[in-house]
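In: I need the structure of the sequence given here:
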Amino acid sequence: MRVAEEMNSARVFPSDLESFVIEAMRRYGLRDEDAQLSARILVMTDSWGVHTHGTRQLRPLLKNFPLGRLKADATAEVIREGVAWALMDGHHAVPFVTAYSAMQLAIQKARTAGIGYVSVIHTSHFGAAGYYATLAAEQKMIGMAMCNADPQMTIPGARGKVLGTNPIAYAIPGGHNRPIFLDIATSAVAANKIIRAKLLGQPIPEGWLTDSEGRPTTDPGGFPESGALMPMAAHKGYGFALLVEVLAGVMSGAALTKEQPSWVTGVAGNPPGPANQGQTFIAIDAGMMLSADGFQERIEWLADYIHESPKASGSERIYLPGEMEWERRDRALVEGMILPPDVVDSLMGLAQDVGIETLPFVALTENGK
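Out: As a prediction, this is how the structure comes out:
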């Protein structure tokens, strides 16, 4: 399909999308191994149905390389460490690769000490935190991943942006189930949902946004220039966002709150220089406290208990966190996956940026086929 064609939603197979992403990253000068790992992470995220943090993010992130905000030839390194912890300097290398390396190091340390805690500085947007948490679960460990970010979210009693959306994720080996995992921002909603409503001229639900005076609003017209996202569950989301700011930002030495530049280029009022996000990755070898078999038996009992709980009227099934995402991925590998219009538009723009003339998409008709 030619890049110039008008697109809405489109169907694509994960392997074809990976090939496209790898080629686009190569044309930005990235090493083959870095491009391949990054493509796997981003496409995995899309196949889960988490399109806000999949390949849609690639185009704006790659624009950081020609500006020197990210460096294609850089490699992260450990600058301080102990038996159960380490601090890495990302050196503004490819952030997906840095995050992957940090979680692998946390897993390695957990095998020795029972827990591994690895933080990273001088890095940028790493996509979905949940991907890195599942790496630990695949090794029969509990995994956690989190990062601080530039302020987009207000807090109770404040006016304007105070904290980042500061995502946090966990993953747990599921025994005879797939890994259980949860990946959430601490804001009530992702910023792109508000921006999409703004472009469409549509109001937003209550509880998503405040205006320039700190009052709740259903009008997205002023965002992101003014106003701020609201935290999820009021003070609860604020509390979790602050915890992430401490564990990922304060503990690592990364930039904090208003000192944190956005990873998106060209943002008005953005502090100068590259992003300096703090990211933290934790792996816990629960088998050291119980036993590997004992831990899995207890997790399986808990999962069965949840699955078999009495169902509400009209409910056919109770899901564990992450089950819907794994099932979407299984379908995507067989049937392909549906990319929403904003993802398609972003990838088409990326193709034009780097001179790729064809895309592996099949446009959907009005009836979705």
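In: most distant residue from the centre of this protein?
Out: Ser313 (33.8 Å; C-alpha atoms, centre = their mean).
In: in contact with that one, which residues?
Out: By C-beta atoms under 8 Å, 6 or more residues apart in numbering, the contact set of Ser313 is empty. Any C-beta I mention is one placed from the backbone N, CA and C, and that applies to glycine too.
In: for it, helix, strand, or coil?
Out: Here Ser313 is recorded as coil under DSSP: H, G, I helix; E, B strand; the rest coil.
In: Arg159 versus that one, what's the distance?
Out: 43 Å (C-beta to C-beta, to the nearest Å).
In: same check on Pro231?
Out: According to C-beta to C-beta, Pro231 and Arg159 sit 14 Å apart.
In: ok, the most centrally placed residue in the chain - contacts?
Out: Centroid-nearest residue in the chain: Ala128, 1.8 Å away (criterion: C-alpha atoms, centre = their mean). Counting by C-beta under 8 Å, 6+ apart, Ala128 touches 41, 45, 48, 50, 53-54, 169, 183.
In: do you know how far it is from Val43?
Out: In terms of C-beta to C-beta, Ala128 sits 11 Å off from Val43.
In: residues shared between the contacts of the two?
Out: Common neighbours of Ala128 and Val43 are listed as Gly54 (criterion: C-beta under 8 Å, 6+ apart).
In: and the contacts of stretch 304-312?
Out: So stretch 304-312 is contacted by 317-318, 320 (C-beta under 8 Å, 6+ apart).
In: would you mind measuring the gap between the ends of it?
Out: 17 Å (C-alpha to C-alpha, to the nearest Å).
In: domain parsing for the protein?
Out: Taking automatic domain parsing as the reference, the chain has its domains at 10-62+336-363, 77-187+231-288.
In: just say which of these is most tucked in.
Out: Across these, averaging neighbours per residue (mean count of other C-beta atoms under 10 Å) puts domain 77-187+231-288 on top, at a mean of 21.
In: ranges for the strands of the stretch 51-200 of the chain?
Out: Secondary structure of the stretch 51-200 of the chain by DSSP state E, counting those that start in this stretch: the strands cover 77-81, 85-89, 115-123, 142-147, 168-172, 180-184.
In: sorry, back to before: dump the domains of the chain to JSON lines, plus distance to Gly68.
Out: JSON lines is the format used below for the domains of the chain (distance: least, C-beta to C-beta, whole Å):
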{"stretch": "domain 10-62+336-363", "distance to Gly68": "12"}
{"stretch": "domain 77-187+231-288", "distance to Gly68": "8"}
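In: could you dump those to JSON lines with distance to Leu70 and mean pLDDT?
Out: Listed next are the domains of the chain as JSON lines, based on distance: least, C-beta to C-beta, whole Å; pLDDT from 0 to 100:
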{"stretch": "domain 10-62+336-363", "distance to Leu70": "8", "mean pLDDT": "95"}
{"stretch": "domain 77-187+231-288", "distance to Leu70": "5", "mean pLDDT": "96"}
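In: relative to Ile195, which of the ones you listed is closest?
Out: domain 10-62+336-363 (9.2 Å; C-beta to C-beta).
In: start to end distance for that closest one?
Out: Counting by C-alpha to C-alpha, the terminal residues of domain 10-62+336-363 are separated by 4 Å.
In: for the residue lying closest to Pro179 once chain neighbours are set aside, give me its contacts.
Out: Sequence neighbours aside, Ala137 is the residue nearest to Pro179 in space, at 3.7 Å (criterion: C-beta to C-beta, 6 or more residues apart in numbering). Ala137 makes contact with 143, 171-174, 179-181, according to C-beta under 8 Å, 6+ apart.
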